[in-house]
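S.K.: Need a 3D model of the following:
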Amino acid sequence: MINISAKSVKELREMTGAGMMDCKKALAENEGNTEKAIEALRKKGLASANKKSSRQAAEGIIESYIHTGGKIGILLELNCETDFVARRPEFQALAKDIAMQVAASPDVEFVNTENVSKEFIESESKIQAGREDLKNKPEAIRNKIVQGRIEKRLKEKSLVDQPFIKNPDITIDELIKQNIAKIGENIQIKRFVRFNLGEGVIKEEKNFANEVSEILNK
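M.R.: Numbering: from 1, shown residues only. Predicted coordinates for the structure are as follows:
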């Protein structure tokens, strides 16, 4: 089987806007031939997904997902271009899958790395720069390591960078691009909110022996 380099996959992705795994598969199926891989992606509609991503998406739905046991709830707004697409079963199924992804990803706080707050980045930079294993390293190397760790941390917080729970071979970003190609409209995650039962409530700790004593002494 032909070996497909990460560089060739990256180049094809930049040329077509298709997902990383789709690019790798297209190259593998076409013996590493870039032109044939582009043609294969175009036939599947995947090469046009990136172009559609710049179009306005103001319609869509607000999807809810309550995890088994009722202790985690998710509200998610998924946008598309028309109300017609918003009513399609494929689009609604996608919204449900992404809401489930949020429930399964407790560390995720932002839709993508562009949405990460400046305060979070500054705080994370201070934490990483102060780690013990970096103290004796030259400044240039230390800065490079810190930058790499911050980028990794931001991806851990980004919803679109998470491996899809139903298919870990693709990310949520790639899942959305596949659906853009399939449906023919731009699709964007606008926002999400996670509700954890009892979050923010300080539970009163009771001593059972004292509680029994109080009852007997009444």
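
S.K.: for the chain, what's the longest helix?
M.R.: helix 139-157 (DSSP state H).

S.K.: Please state the offset of that helix from the chain centre?
M.R.: 19 Å (CA atoms, centre = their mean, to the nearest Å).

S.K.: Touching that helix from outside, list them.
M.R.: 107-110, 113, 116, 120-121, 124-125, 128-129, 134, 137, 161 (CB atoms under 8 Å, 6 or more residues apart in numbering). C-betas here are computed from N, CA, C, even on glycine.

S.K.: Helix or strand next in line after it, which one?
M.R.: Next helix or strand after helix 139-157 toward the C-terminus (DSSP states H and E): strand 163-164.

S.K.: among the contacts of helix 139-157, which ones are buried?
M.R.: Applying 16 or more other CB atoms under 10 Å to these, the neighbour count classes 108-110, 116, 124-125, 128, 134, 161 as buried.

S.K.: Among these, which are located in helices?
M.R.: Taking DSSP H, the ones among the buried ones among the contacts of helix 139-157 that sit in helices are 124-125, 128.

S.K.: Save the residues you listed as TSV, and put in pLDDT and distance to residue 25 too.
M.R.: Formatted as TSV, these follow (pLDDT from 0 to 100; distance: CB to CB, whole Å):
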residue	pLDDT	distance to residue 25
124	81	35
125	82	37
128	79	35
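
S.K.: which residues sit against the helix or strand encompassing residue 99?
M.R.: Using DSSP H and E, residue 99 sits in helix 89-103. If you take CB under 8 Å, 6+ apart as the criterion, helix 89-103 is touched by 60-61, 63-65, 67, 72, 74-76, 78, 80, 85-86, 108, 159, 162, 164-166, 172, 175-176, 179, 182-183, 187, 189, 192, 194.
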